[in-house]
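1. Structure here, sequence nowhere to be found:
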């Protein structure tokens, strides 16, 4: 009897093992812009039964035929909840070349831009025209191979019976992965190639006492967190650059090049090896002392009230007014923030306000208002911010400083008592720095995944725009800034295709934009109030304008000064 029981147990174990290996292959989440600047993330397709991606390489002679076949498949399966898109799997990265190839196709399917071919590598695409069928809910591959053989997988997915990944050999033009091949033969070196990228892109926040959830201060730490680092790189959560790099260019955007992305991901995929260097460069990094005034002792120091930050929980924004003792008008030429505890201070916004003015400055009941925005603090912002030459923020006599704090808890109760240092002009500068809000009223229906909003404003004087900032709350999806030309066409200035409530910097234009009097500017965007938005606290709520984070706002901020001197 024991022998029979033993055999039964072995059989059951064998069946369970076979079932475990029969599960679809997991690929994890990823996010990519398409050639039109729209953002696509696999997990955001959870409202679909599946996502079908076809590898695209414009140099392949058969690609037009392959795309035509995919379009025919899409017309048949779209209404059954299957989404379709192309992914640029070639080594071509020039956006104009890619757009021209897409235009020549005449296809309405989105063409995803695979930065450094990393997603195509992850999906193991080997031929132009090859497709993968992905499950957005489980983040798995259901099928990879020729489009013609995918019908059974799509039918099974609709029936809920797919329990393994089907692989069929594809034919056609080979995809080339030159950088992957190079790194396969010579893994990127930690000390000379990987560590410098981490220092430049990550370590200012990911350090002991920084806002990052873990410190990147040694190879051991980097290796231990490497799966998470790979994930946030592929989903574009990090570095926290929300902007479309193909629209404008901004001095404070944390762009990551394709080459750096490939170096990091290929090093991680190789097991994150330590290498031969005797010295670990990350242990040698000396960060700037964020407790020192970078321009010397300020002319005036403001101490914010002491704030108690609990160990856990989600904190709403905290608005604080501080009276200023100036008995005459002042002009600020530079400002620096020294956070009391930078590990919890996520960001801080400061405005010069009139005695009776609220922090919101009137955005709640008007579509546009000009305000004196002093400056904002964000993680990694250590040095003083100096305004452009002959430009400053005006503080009229008897005005106060209004501050908005956003804290994030980190598991340890603490306090924050932030210092703000002001450096003053001896004589008034030529230009006064303003920030104008361009806002709209809206009513977002419950469960709406793509509620569009639009605001506009006409400048009544010649101005020079130096910065732009998008502001929404948890349901914010994307926002774009544009100016209308004389012929009615639009010039895009900034696009935030993957808006995050957690990151709201003012993006500083490397080349200021001249706007003539009478020019209409536009702010367009959308909200995702669905259950597929991971930041959404409650998709069942209908939303209108409100000051609390669980309400919503739609405001585009334009930082500018007059084109003509004020004195």
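-> Nice, I can see it. Because the structure is predicted, anything quoted here is derived from the model rather than measured.

2. Point out where the stretch 301-450 of the chain drops to low pLDDT.
-> In the predicted model of the stretch 301-450 of the chain, residues 360-365, 380 satisfy pLDDT under 70.

3. Show me the strands in it, by range?
-> Secondary structure of the stretch 301-450 of the chain (DSSP state E, counting those that start in this stretch): strands at 307-309, 318-323, 330-338, 345-353, 368-377, 385-386, 391-395, 400-407, 414-416, 419-424, 431-432, 434-439.

4. and residue 169, what does it touch?
-> Neighbouring residues of residue 169 by Cβ atoms under 8 Å, 6 or more residues apart in numbering: residue 145. Heads up, the C-betas are built off the backbone N, CA and C, glycines and all.

5. Now do the SS call for it.
-> Of the three states, residue 169 takes coil according to DSSP: H, G, I helix; E, B strand; the rest coil.

6. Report the helix or strand with the lowest average pLDDT across this protein.
-> Lowest by mean pLDDT, DSSP states H and E among the helices and strands of the chain is helix 2-21, with a mean of 35.

7. re the thing from before, of all the strands of the stretch 301-450 of the chain, which lies closest to residue 96?
-> Between residue 96 and these, the shortest gap by Cβ to Cβ is with strand 434-439, which sits at 29.7 Å.

8. The closest one: what's the following helix or strand?
-> strand 451-458 (DSSP states H and E).

9. Let me know the angle separating whichever helix or strand comes after that following strand from strand 391-395.
-> Later in the chain than strand 451-458, the nearest helix or strand by DSSP H and E is strand 463-471. Relative orientation of strand 463-471 and strand 391-395, computed by axes from the mean of the first three to the mean of the last three Cα atoms, to 10 degrees: 70 degrees.

10. Strand 463-471 - contacts with which helices or strands?
-> Packed against strand 463-471, as judged by 3 or more Cβ pairs under 8 Å, 6 or more residues apart in numbering; DSSP states H and E, are the following elements: strand 476-484, strand 490-496, strand 507-515, strand 555-562.

11. same thing but 6 Å
-> strand 507-515, strand 555-562 (3 or more Cβ pairs under 6 Å, 6 or more residues apart in numbering; DSSP states H and E).

12. Return the most buried member of those.
-> strand 555-562 (a mean of 23; mean count of other Cβ atoms under 10 Å).

13. got the contact list for residue 483?
-> 491, 519, 521 (Cβ atoms under 6 Å, 6 or more residues apart in numbering).

14. The same query, at a cut-off of 7 Å, please.
-> 491, 493, 515, 519, 521 (Cβ atoms under 7 Å, 6 or more residues apart in numbering).

15. Can you give me the neighbour number for the first one?
-> A total of 13 residues lie near residue 491 under the criterion other Cβ atoms under 10 Å.

16. Look up which helix or strand the one residue sitting closest to the centre of the chain falls in, please.
-> Note on the chain: the residue nearest the mean C-alpha position is residue 242, at 3.2 Å, using Cα atoms, centre = their mean. Using DSSP H and E, residue 242 maps to neither a helix nor a strand.

17. Torsion angles phi and psi at residue 183?
-> Dihedral pair for residue 183: phi -70, psi -20, per degrees, to the nearest 10.
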